[in-house]
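Peer 1: got a sequence here, can you model it:
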Amino acid sequence: MGDRITKADLIGHINKAEQPAIKQYELPKSVVSGEQREERVKMSKIRQVIAIRLKASQNTAAILTTFNEIDMKNVIDLRTKYKDAFEKKYGIKLGFMSAAVQALKEIPEINTEISGDEIIYKHYYDIGVTVGTDKGLVVPIMRSADQMLFTEIELTLVAFDKKAREDMVQRGFHSGIVDEVDSIIIDEARTPLIISGPVEENYQIYKHIIKIVTKLFDYDYEVDGKGRTVFLTEDGISQVEELLRSYNLIPENSSLYDTDSMIMTYYIDQALRAHKLFNADKDCIVKDGKVVIIDEFTGRMMEGRRYSDGFHQALEAKEHLEIQYENQTLASLTFQNSGMTGTAATEAEEFHDIYRLNVVKIPTNVPVKTIDIDDVRYRKGKI
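Peer 2: Just a heads-up that it's a prediction; the model follows:
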């Protein structure tokens with residue numbers, strides 16, 4: 001504290017002196033191979049349906065998967081044999097992280113993700129390490145652990161532990177320039193920004209599915225207005241199966257829940273929601289041959305926005321429009337808090353009242369040559 005030495009300074013100095021010194025060791029360079037780091041594999045129809053169901057379950061329920069039925073004896077014996085020599089040479093303890101990486105390689109399905117109708121097998125292994133601190137758990141990520149040697153892994157763990165306790169693990173926030181910010185942080189302040197890409201799929205099938213849905217009676221389905229979902233009854237399932245066969249969409253004598261036909265349940269669900277829950281001129285409108293979503297909070301048209309998971313295609317089929325490709329979310333950003341726009345001055349009062357932000361006009365690079373003249377209105381005709 002200034003030029004004075006306090007009791008806290010002395011205690012801190014003594015505690016630091018009592019800690020054993022860790023031998024410094026230069027990290028060896030990893031050998032990085034030129035192999036393909038990702039592999040994309042097309043999914044079968046049944047696997048696509050399973051993936052859709054699992055994703056829906058993941059979004060609605062908390063799931064914890066553990067692997068306890070594993071014999072760790074060989075790993076424990078190996079560690080016991082070499083841990084003293086390892087600690088003596090490098091000044092750190094020998095752990096199990098390398099064994100965990102090898103175990104992940106044995107079960108590649110764990111290290112995968114789904115993109116459209118493909119499974120992406122990742123041939124690299126990023127390991128999350130949980131570190132307990134006074135402020136709670138911190139989970140730094142060890143990138144490409146499979147490319148690291150024993151010493152690199154263990155030294156990285158020691159570094160993570162030290163940085164976590166010193167609040168130095170997390171990176172700084174990424175940033176970007178947002179255009180038309182008045183739309184982002186006023187009109188749709190809680191809508192995430194996304195980057196999307198097309199998914200190649202035969203969505204023309206919705207033209208037939210919508211025809212099937214319109215032929216169902218009230219007792220063929222149940223509507224949950226609060227949950228915004230529609231369920232087929234037993235009678236409805238039988239009726240849908242018969243209609244699907246008539247359109248040659250499923251084989252004769254097959255069930256809707258057979259392996260080759262189960263994908264149809266996905267299309268039926270989306271078509272039912274589009275036909276029974278969404279109304280034109282309320283939830284959406286048709287403009288220039290396209291379905292435009294209506295914001296339920298502001299009542300404004302959200303041009304350029306589309307529903308995901310095939311639902312927008314179902315709406316297009318319902319309104320007898322050309323069916324467009326579905327987009328999948330490639331990346332997203334949750335909340336936005338700053339940006340630029342050419343029309344902020346008109347909402348300056350709203351920016352100040354809600355966010356306590358002032359609107360600053362940035363002068364143009366060169367003088368503006370545009371001459372703004374007041375509009376002139378005529379009751380009849382024009383001059």
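Peer 1: tell me the SS of residue 121?
Peer 2: Assigned with DSSP: H, G, I helix; E, B strand; the rest coil, residue 121 falls in the strand class.
Peer 1: which ones are touching it?
Peer 2: When contacts are counted by Cβ atoms under 8 Å, 6 or more residues apart in numbering, residue 121 touches 38-41, 108, 111-112. Quick note: C-beta positions are derived from backbone N, CA and C, even for glycine.
Peer 1: just the buried members of those residues?
Peer 2: Neighbour-count burial (16 or more other Cβ atoms under 10 Å) applied to these gives residue 111.
Peer 1: ranges for the helices of the stretch 201-350 of the chain?
Peer 2: According to DSSP state H, counting those that start in this stretch, the stretch 201-350 of the chain carries its helices in the segments 206-214, 234-246, 263-276, 311-318, 348-355.
Peer 1: re the thing from before, just the contacts of residue 121: which are in strands?
Peer 2: 38-41, 112 (DSSP state E).
Peer 1: shaky segments in the stretch 151-300 of the chain?
Peer 2: 164-203 (pLDDT under 70).
Peer 1: go again using 90 as the cut-off
Peer 2: 151-214, 217-238, 242, 244-271, 273-300 (pLDDT under 90).
Peer 1: so where do the strands sit in it?
Peer 2: Under the criterion DSSP state E, counting those that start in this stretch, the stretch 151-300 of the chain contains strands at 193-199, 221-224, 229-232, 284-287, 290-294.
Peer 1: and those strands as TSV, adding mean neighbour count and distance to residue 215?
Peer 2: Below are those laid out as TSV (neighbours: other Cβ atoms under 10 Å; distance: least, Cβ to Cβ, whole Å):
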stretch	mean neighbour count	distance to residue 215
strand 193-199	13	28
strand 221-224	14	12
strand 229-232	17	13
strand 284-287	15	23
strand 290-294	18	22
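Peer 1: now tabulate the ones you listed in TSV and tack on distance to residue 358.
Peer 2: TSV is the format used below for the strands of the stretch 151-300 of the chain (distance: least, Cβ to Cβ, whole Å):
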stretch	distance to residue 358
strand 193-199	24
strand 221-224	47
strand 229-232	45
strand 284-287	36
strand 290-294	32
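Peer 1: re earlier: wait, which of the contacts of residue 121 is closest to residue 351?
Peer 2: Closest approach between these and residue 351, by Cβ to Cβ: residue 38, at 43.5 Å.
Peer 1: my read: the closest one touches residue 115, true?
Peer 2: No - counting by Cβ atoms under 8 Å, residue 38 does not reach residue 115; the two are 10.0 Å apart.
Peer 1: out of the contacts of residue 121, which one sits closest to residue 294?
Peer 2: Using Cβ to Cβ, the contacts of residue 121 come closest to residue 294 at residue 40, 36.9 Å.
Peer 1: pretty sure that closest one contacts residue 120?
Peer 2: Yes - with contact defined as Cβ under 8 Å, residue 40 reaches residue 120; the gap is 5.6 Å.
Peer 1: returning to that earlier point: among the strands of the stretch 151-300 of the chain, which is nearest residue 380?
Peer 2: Between residue 380 and the strands of the stretch 151-300 of the chain, the shortest separation by Cβ to Cβ is 29.4 Å, and it involves strand 284-287.
Peer 1: against which helices or strands is the closest one packed?
Peer 2: Helices and strands touching strand 284-287, by 3 or more Cβ pairs under 8 Å, 6 or more residues apart in numbering; DSSP states H and E, are strand 290-294.
Peer 1: and the angle for the strand it packs on with helix 263-276?
Peer 2: 70 degrees (axes from the mean of the first three to the mean of the last three Cα atoms, to 10 degrees).
Peer 1: show me what strand 290-294 is packed up against.
Peer 2: Packed next to strand 290-294, using 3+ Cβ pairs under 8 Å, 6+ apart, are strand 284-287, strand 301-302, helix 311-318.
Peer 1: just to revisit the earlier point, give me whichever of the helices of the stretch 201-350 of the chain is most buried.
Peer 2: helix 311-318 (a mean of 25; mean count of other Cβ atoms under 10 Å).
Peer 1: just put the helices and strands packed on strand 290-294 in JSON lines and tack on distance to residue 273.
Peer 2: As requested, those are exported to JSON lines (distance: least, Cβ to Cβ, whole Å):
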{"stretch": "strand 284-287", "distance to residue 273": "12"}
{"stretch": "strand 301-302", "distance to residue 273": "18"}
{"stretch": "helix 311-318", "distance to residue 273": "7"}
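Peer 1: tell me which of these sits nearest to residue 147.
Peer 2: That would be helix 311-318 among those, by Cβ to Cβ, at 41.5 Å.
Peer 1: quick one, that closest one and strand 290-294 angle?
Peer 2: 120 degrees.
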